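1. Need a 3D model of the following:
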Amino acid sequence: MSMRLSLNEALSRYSAGTAYHTMPEFAGIELQSLYSEEMEADGTLQLLRLVIRPGQGVPLHRNDRGEGLYLVAGRVEVRRDRGAVELDAPSAAYFAAGSVHAIANVGREDAIVLLTFSRMGRPRLGTSEFVDPAVLDPAEGLPNPNEIRGAQPLFRWAVHESYEPWGPVEPSKGLRQSMKYLLDPARGTPDFVLGLARITAGTHYTLHSHEPAEFYHVLEGEGVIHVGDASYAVVPGDTVHVPSNVVHGIDATSSDILVHWVYAVEEVGMNWTWRAAEDIYTDVRGLRGNR
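-> Below is the predicted model:
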């Protein structure tokens, strides 16, 4: 089942609260679930939007699933076990399941954070517990993630977006359609692949399918995202969920479009296949029914 949820719809749900408001680590933090109630119940991935005011933070805690963080705006300090990193937007970070972690706004403006949870058969809501900062004492044996591993040159858990280069998605279209990986299993993130995609106005992203479930969160621009038999006109703040093996693609219509995307790969690993569901062409040819 695919779905689209606009940011306005997510904001209206915030006033009433969602199940995520019961999680103690988010007390006092403005949050919106960017999935509908149906997808929260059934989806492989979960997605939250946090607005962290200056001086606020998500306190030190651990939970039962991996988290991917994408910083849309602001400056935060992220802590994982015995390591901490300060990030300016746009940036990404990863908290492994069971790791001790925290997020603090250390800037002068609101920090906007997108948090992705890998579910993969776990209950809808994770289990979490607060952690006494005293456990960060080196004597407790917590790992330091800020280490260079010679056998894993790509390994990292936090990265600024500008660190990674743009590359083509479909080489025949050059950089009219490009993407970058920020986090993935080669970089120490076994749960999902997290990145950005940029499509130039007038360009069609080929209808295709793959085993990992995915979501797109629109950061800039407008276009149409096709999922199965549905076509969604999207604007910044919209989120579209793509279930496993469902055909999908994107038309960047009147403007360039920039999306944050995540694949769920905890169960399928990286040995999955991108399968075109149509001949590959470059330009938008109207909505699906008019092709």
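2. what separates stretch 269-282 from the chain centre, distance-wise?
-> In terms of CA atoms, centre = their mean, to the nearest Å, the centre of stretch 269-282 is set 21 Å apart from its chain centre.
3. same check, this time on stretch 82-100
-> Chain-centre distance of stretch 82-100: 14 Å, with CA atoms, centre = their mean.
4. Going along the chain, name the strands of the stretch 101-250 of the chain.
-> Using DSSP state E, counting those that start in this stretch, the strands of the stretch 101-250 of the chain run over residues 101-105, 111-118, 128-130, 158-160, 167-168, 177-183, 192-199, 203-209, 214-220, 223-227, 230-234, 239-242, 248-252.
5. These: lowest mean pLDDT?
-> Mean pLDDT is lowest for strand 128-130 among the strands of the stretch 101-250 of the chain, at a mean of 89.
6. Any stretches of this protein with poor pLDDT?
-> 1-3, 5-6, 10-17, 38-43, 120-124, 138-140, 286-291 (pLDDT under 70).
7. related to what we said a few turns ago, relative to residue 53, which of the strands of the stretch 101-250 of the chain is closest?
-> When these are compared by CB to CB, strand 101-105 sits nearest residue 53, at 6.4 Å. Backbone N, C-alpha and C define where each C-beta goes, glycine included.
8. Tell me what angle that closest one forms with strand 111-118.
-> 160 degrees (axes from the mean of the first three to the mean of the last three CA atoms, to 10 degrees).
9. Which residues in strand 101-105 does the neighbour count mark as buried?
-> Buried residues in strand 101-105, counted by 16 or more other CB atoms under 10 Å: 101, 102, 103, 104, 105.
10. Ok, stretch 155-163 next?
-> The neighbour-count check on stretch 155-163 (16+ other CB under 10 Å) flags 156, 157, 158, 159, 161 as buried.
11. Tabulate those in TSV, adding columns for distance to residue 247.
-> Shown next, in TSV, are these (distance: CB to CB, whole Å):
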residue	distance to residue 247
156	33
157	33
158	34
159	31
161	29
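12. Now flag whichever of those residues is closest to residue 29.
-> The nearest member of the buried residues of stretch 155-163 to residue 29, counting by CB to CB, is residue 158 at 20.1 Å.
13. before we move on, back to that, which of the strands of the stretch 101-250 of the chain has the highest mean neighbour count?
-> Stretch with highest mean neighbour count among these: strand 239-242 (a mean of 26; mean count of other CB atoms under 10 Å).
14. what lines up beside it in the sheet?
-> Here strand 239-242 has these sheet partners by DSSP bridges: strand 3-5 (antiparallel), strand 214-220 (antiparallel).
15. Can you add distance to residue 22 and give those strands back as JSON lines?
-> Shown next, in JSON lines, are the strands paired with strand 239-242 (distance: least, CB to CB, whole Å):
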{"stretch": "strand 3-5", "distance to residue 22": "20"}
{"stretch": "strand 214-220", "distance to residue 22": "23"}
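16. So for residue 285, which of the strands of the stretch 101-250 of the chain sits nearest?
-> Set against residue 285 and scored by CB to CB, the strands of the stretch 101-250 of the chain come closest in strand 203-209, at 6.8 Å.
17. Run through who's touching that closest one.
-> Residues from elsewhere that reach strand 203-209 (CB atoms under 8 Å, 6 or more residues apart in numbering): 169-170, 173, 176-177, 197, 199, 226, 245-252, 274-278, 280-285, 288.
18. can you do 7 Å?
-> 169-170, 173, 176-177, 199, 226, 245-252, 274-278, 280-285 (CB atoms under 7 Å, 6 or more residues apart in numbering).
19. cool, and stretch 69-85?
-> Residues from elsewhere that reach stretch 69-85, judged by CB under 7 Å, 6+ apart: 52, 60, 86-93, 95, 99-107, 109-115, 136, 138, 142-146, 157-158, 194, 260.
20. redo that, cut-off 6 Å
-> With contact meaning CB atoms under 6 Å, 6 or more residues apart in numbering, stretch 69-85 is reached by 86-89, 91-93, 95, 99-107, 109-115, 136, 142-146, 158, 260.
21. Checking residue 25 next. Helix, strand or coil?
-> Judged by DSSP: H, G, I helix; E, B strand; the rest coil, the three-state class of residue 25 is helix.
22. How about the contacts made by it?
-> Taking CB under 6 Å, 6+ apart, we find residue 25 in contact with 58, 61, 128.
23. any idea how far it lies from residue 64?
-> Distance of residue 25 to residue 64, computed by CB to CB, to the nearest Å: 13 Å.
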